[in-house]
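build me a structure from this.
(2 chains)
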Number of protein chains: 2
Amino acid sequence: MANLTDKTFEVFDTTLRDGGQSEAVGFSVEDKLQLTEALDHLGVDFIEGGWPGANPRDDAFFEAARGLTRRHARLLAFGSTMRAGNAPAEDPVLSGLVSARPDGVVIFGKAWDLHVELGLGIGLEENLDLIRESVAYLKAQVGLVLFDAEHFFDGYRADPEYALRTLDAAVAGGADRLVLCDTNGGSLPAQIGEAVDAVRTRFPDTVAGIHCHNDGGLAVANSLAAVEHGVRHVQGTLNGLGERCGNADLTAILPNLILKLGYRGGALGTAELERLTATSRLVDELANRSPQNNQPFVGQSAFAHKGGVHVSAVRKDARTYEHIAPEAVGNIRRILVSDQSGKSNIVHKLQELGLMERLEGNDAAVTQVVERVKDLEHQGYQFEGADASFELVVRRVIGDLPEYFRLVGFRVLDAKRHAGEAPESEATVMLEVGGERAHTAGSGNGPVNALDHALRKALAGFYPELREMDLVDFKVRVVSAGGGTDAAVRVLIESGDGHGNWGTVGVSANVIEASYQALVDAVTYKLAKSGRSDHLQAGDSFAERAEAGLDASR
Amino acid sequence: MANLTDKTFEVFDTTLRDGGQSEAVGFSVEDKLQLTEALDHLGVDFIEGGWPGANPRDDAFFEAARGLTRRHARLLAFGSTMRAGNAPAEDPVLSGLVSARPDGVVIFGKAWDLHVELGLGIGLEENLDLIRESVAYLKAQVGLVLFDAEHFFDGYRADPEYALRTLDAAVAGGADRLVLCDTNGGSLPAQIGEAVDAVRTRFPDTVAGIHCHNDGGLAVANSLAAVEHGVRHVQGTLNGLGERCGNADLTAILPNLILKLGYRGGALGTAELERLTATSRLVDELANRSPQNNQPFVGQSAFAHKGGVHVSAVRKDARTYEHIAPEAVGNIRRILVSDQSGKSNIVHKLQELGLMERLEGNDAAVTQVVERVKDLEHQGYQFEGADASFELVVRRVIGDLPEYFRLVGFRVLDAKRHAGEAPESEATVMLEVGGERAHTAGSGNGPVNALDHALRKALAGFYPELREMDLVDFKVRVVSAGGGTDAAVRVLIESGDGHGNWGTVGVSANVIEASYQALVDAVTYKLAKSGRSDHLQAGDSFAERAEAGLDASR
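Got it, this is the predicted structure:
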């Protein structure tokens, strides 16, 4: 990379490969393809896609990825140096890499004498030969070869000269990058800086890279320290996915380098950085992992303000409590409603949701809302993620919510008749809508699903707009830990209607009751949002309505 | 602190105060008392308990805390400098602090000119007077005064001389500590080091402290940088609780300082550090927060090994993939069973659970176990946290598990008869135990609770040892996101019998079915553990047994 200027660095993402080593994370081929497109769109230079030859799923991914159009990113295959005793052309690992036809390869070799002797069980000189020959073979076959010096920093502390000689071997083989790995994640920034200095002195003409793990909680700081000492190739994963404590988190490294230290990624500058939060959320979604709210830069709480003093200062000048503008990383400021909220928070939240005009000049109502919210939070409700339920609380307090329907009762029955079969779930709901009584039954894939169907069947005849509505997500959390099966649970439901999504919440010791509350809020919010001020539309009898509702109910 | 030697530092915990600002965390007075004892036991020097006068809960806490016996820790009250225009003795904030009768006080003052003018709306000189007079008054009244220079690092970057003059004012008032706060959490380690150098040069005789937030993902590194530059008082929270991205995480700072950099806390050395993981888990428990598995040092995954190569290397020499010994922080090594597991992981897990002897020499069974585990994981099962279910999988594969009972069927009914009331839950279970049929009913606080009661009522008459058993924890997680109310859920149940706890798992789109599976595994494991090889004990008829079981069922 002759054109790497002093303040430009390469972004290397290994979310697909090292990130997939996270506990309880496993990406499908489809997930990996979707992430490849998102990473390319974000502007990363290199995407490490997996280990072809070692894993059939990775073979399928490299095969499928050839069909993707990429803007900028190069797709790399990962593997190890060849096995001792093999000829390069006959080594299965090296052939697996070549067969995948990637844009380049990353191979790791042992840089710590302990691992050479204990892990590989070969001599130190033999390890150097393996590195040199493996790199040389791949360089000839593939063209672009990055060398990951595994355990480089531990190795450098144990035997600095031997660790550097492994890099000599890689350079002799023609390696394009020397990537220094803190594989065990336990190094300190000063140790990183010192070792990087030695590498830069010995190899001034080869781009050095850094690959950190977060076992000491220092992966971001270690990566920044490496860059400050001359590294220009930075490896990491989005959201810090990775085994044990994870890899260095690119969602923190990138904004620190770009916004604070004035660096620029090859194709990733301040404009691309605005996609960071969205890309981070996509990774969590595909990893089936709840986003970590307190994650620096991209977390839902990263720019959330709770204390009353903070909220009023931020409203005057955001710099007072925000280190960067949330928009710079595509995140947003949030004002929280919570137990510790002062009135100013609630007022801000009301403004944010456009509810303040309803309360204009009505201080007593604002006080009532505050009291009601605190009381509900005490019971285990939580309105973060349930803005729609929050709005309904406000509208109920000020009497600005028609009674669209009234519950007479419901029953939900789960019956399992044979050991090997899933139970059948059936629900009945009886409602009063206007002066009429609606009594419907629904079945479903579980008790909450059945109840959802029966409720919507009862209502969709009266309120056809409910047919536009879908449930997008359903979350259950045990609120009071340690209580066994009678603990209270909080259910969060996200609904959508093609125009937008909204979140609602319910709490009860009974999961069905908690779900029912959240379902009722979800449909009530939809009706209020559609501008329903009456509770019924003129027309059909209940029987006809229920009939019409039938289609909408599944 | 004249006896602070060069390598000793003070540990200041603000989990109770700043940690309580975390989104969705709120500690009760009882929680705070329990945490105070745990923190004292861990060996921290200072516990910041709350802001008395600002919050009735904190008043109650300081009142109640006077009854606690403490080993070492001093309990401090937190507050701000007095309001402009007040005489110290008449200022409500200062009086609130004095009335709480703490062992010392921490007061924060503005060290950034922007905040003085914008936040307080007073002149820069007037702010210095407020700091000096507030500190002096509290010093006379309470004796020990720590000064938190809020936004010190932002202030130092904006106007270094003014920031330092706020410390002059605190020293003039008699402050015992000068705590430099990175309130917005956006500083970089080099900036911290430079500002600390200036403070140490100007105030060589006063102990300097550090208080970082994690908005840039660098709070741990920034705290370590401050210590390396001469700070000897370190503030933080356990698990990094705190608003936005949290405070500096003491669970990472302490082992880095003590195990890696050779420092020692006043009463917190290597022996106390072994309590770190347990204390961290207690904080999460009381904060009602799921522990973060990838948390450095104390997380459940911090020493978990998944890839086959890693597992076999760790078994030869733990240093190969572990930066410290897990026991040094009271954590444990775990070998994961997962999709990516090689056979060696499963074998290690089998050894860990003492199951290998059952499979000795039976390679076909090992292969079957591996296949079965992979298949179940594909369906959404997860055996991390469900060792008991894992053991049952193994025993079922090798035919080493008696059929203690056979399900004929169950029904669970939830009926809500009035809008304002919680539904009633009722369950019936029909089982075959030996040649007899047991048909029981149970009610409960929710459908799963009712089913739990009916099941145990049916079994306890036959197997009295089930009466020793309790459900300790119950967790529900939606496995397949984006599926609405018909998404699959995973239920994890932890059970205990006074001798130990065990975890079981169930997965289904139906939460009741998933719970039933986990309940059945829980009782089956208990029976297997009790050495039941037969399915029945001689004796009473079913009617008598069911009667006897009645007491045990709630």
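
checking A:S290 next. Helix, strand or coil?
coil (DSSP: H, G, I helix; E, B strand; the rest coil).

for it, which non-adjacent residue is closest in space?
Spatial nearest neighbour of A:S290, excluding adjacent residues (Cβ to Cβ, 6 or more residues apart in numbering or on different chains): A:D284 at 7.1 Å. C-beta: built from backbone N, CA, C; applies to glycine.

just checking, that neighbour touches A:P291?
Yes: look at A:D284 against A:P291 with Cβ atoms under 8 Å: they come within range, at 4.6 Å.

isn't A:H323 up against B:N214?
No: the pair A:H323 and B:N214 fails to qualify as a contact (Cβ under 8 Å) at a distance of 10.5 Å.

touching both of these two, which residues are there?
Here A:H323 and B:N214 have B:G185 as joint contacts, going by Cβ atoms under 8 Å, 6 or more residues apart in numbering or on different chains.

comparing these two, which residue is more hemmed in?
A direct count of neighbours by other Cβ atoms under 10 Å in any protein chain shown for A:H323 and B:N214 places B:N214 higher, at 28 against 24.

what's the residue nearest to that one when sequence neighbours are not counted in contact with, if anything?
The shortest distance from B:N214 to any non-neighbouring residue, by Cβ to Cβ, 6+ apart, is to B:C245 (4.3 Å). By Cβ under 8 Å, 6+ apart, the contact set of B:C245 is A:294-296, A:299, A:301-302, B:185, B:213-215, B:217.

of these, closest to B:Y381?
Proximity of the contacts of B:C245 to B:Y381 was ranked by Cβ to Cβ; the top entry is A:Q295 with 27.8 Å.

quick one: that closest one from chain B, how far?
Applying Cβ to the nearest Cβ, to the nearest Å, the value for A:Q295 to chain B is 7 Å.

try A:L164
Distance of A:L164 to chain B, computed by Cβ to the nearest Cβ: 21 Å.

can you confirm that residue is in a strand?
No: assessed by three-state DSSP, A:L164 does not belong to a strand; its assignment is helix.

distance of the residue lying closest to it once chain neighbours are set aside from A:V116?
Distances taken as Cβ to Cβ, 6+ apart put A:R202 closest to A:L164, at 5.8 Å, once the chain neighbours are dropped. Look at A:R202 and A:V116: by Cβ to Cβ, to the nearest Å, they are 20 Å apart.

mind checking which of those two has more residues around it?
Of the pair A:R202 and A:V116, A:V116 is the one with more neighbours under other Cβ under 10 Å, namely 24 against 14.

so who does the more buried one touch?
Contact analysis of A:V116 by Cβ under 8 Å, 6+ apart lists A:110, A:122-124, A:127.

now do the residue lying closest to A:L241 once chain neighbours are set aside against B:V196, distance only.
Nearest residue to A:L241 in three dimensions, chain neighbours excluded: A:G19, at 3.4 Å (Cβ to Cβ, 6+ apart). Here A:G19 is placed at a distance of 36 Å from B:V196 (Cβ to Cβ).

how is chain A carved up into domains?
Chain A resolves into domains spanning A:304-376, A:406-552 when parsed by automatic domain parsing.

off-centre distance for the first one?
Put plainly, it is domain A:304-376. 26 Å (Cα atoms, centre = their mean, to the nearest Å).

cool, stretch A:159-166 as well?
Using Cα atoms, centre = their mean, the offset of stretch A:159-166 from its chain centre is 38 Å.

and it, which residues are buried?
When burial is assessed from 16 or more other Cβ atoms under 10 Å in any protein chain shown, stretch A:159-166 yields the following buried residues: A:159, A:162-166.

of all residues in chain A, which one is nearest the centre?
Centroid-nearest residue in chain A: A:D284, 2.3 Å away (criterion: Cα atoms, centre = their mean).

host element of it?
For A:D284, the host element (DSSP states H and E) is helix A:276-287.

in that helix, which residues are buried?
A:276-277, A:279-284, A:286-287.

what about the residue nearest to A:L241, how many residues nearby?
By other Cβ under 10 Å, 25 other residues sit near A:G19.

can you tell me how far it is from chain B?
A:G19 is 12 Å from chain B, where distance means Cβ to the nearest Cβ.

ok, that residue touching A:L286?
No: contact criterion Cβ under 8 Å: A:G19 and A:L286 do not qualify, at 10.2 Å.

mind listing the shared neighbours of the two?
Counting by Cβ under 8 Å, 6+ apart, the residues touching both A:G19 and A:L286 are A:F27.

next one: the residue nearest to B:N214 from A:F108, what distance?
In terms of Cβ to Cβ, B:C245 sits 32 Å off from A:F108.

with A:K7 instead?
Taken as Cβ to Cβ, the span from A:K7 to A:F108 is 29 Å.

between the two, who's got more neighbours?
Between A:K7 and A:F108, counting by other Cβ under 10 Å, A:F108 is the more crowded of the two (21 against 13).

enumerate every residue touching the residue nearest to the centre of chain A.
Listed by Cβ under 8 Å, 6+ apart, the contact set of A:D284 reads A:239, A:290-291.

can you tell me the element the residue nearest to A:H233 when sequence neighbours are not counted falls in?
Spatial nearest neighbour of A:H233, excluding adjacent residues (Cβ to Cβ, 6+ apart): A:G209 at 3.3 Å. Assigned by DSSP H and E, A:G209 falls within strand A:207-212.
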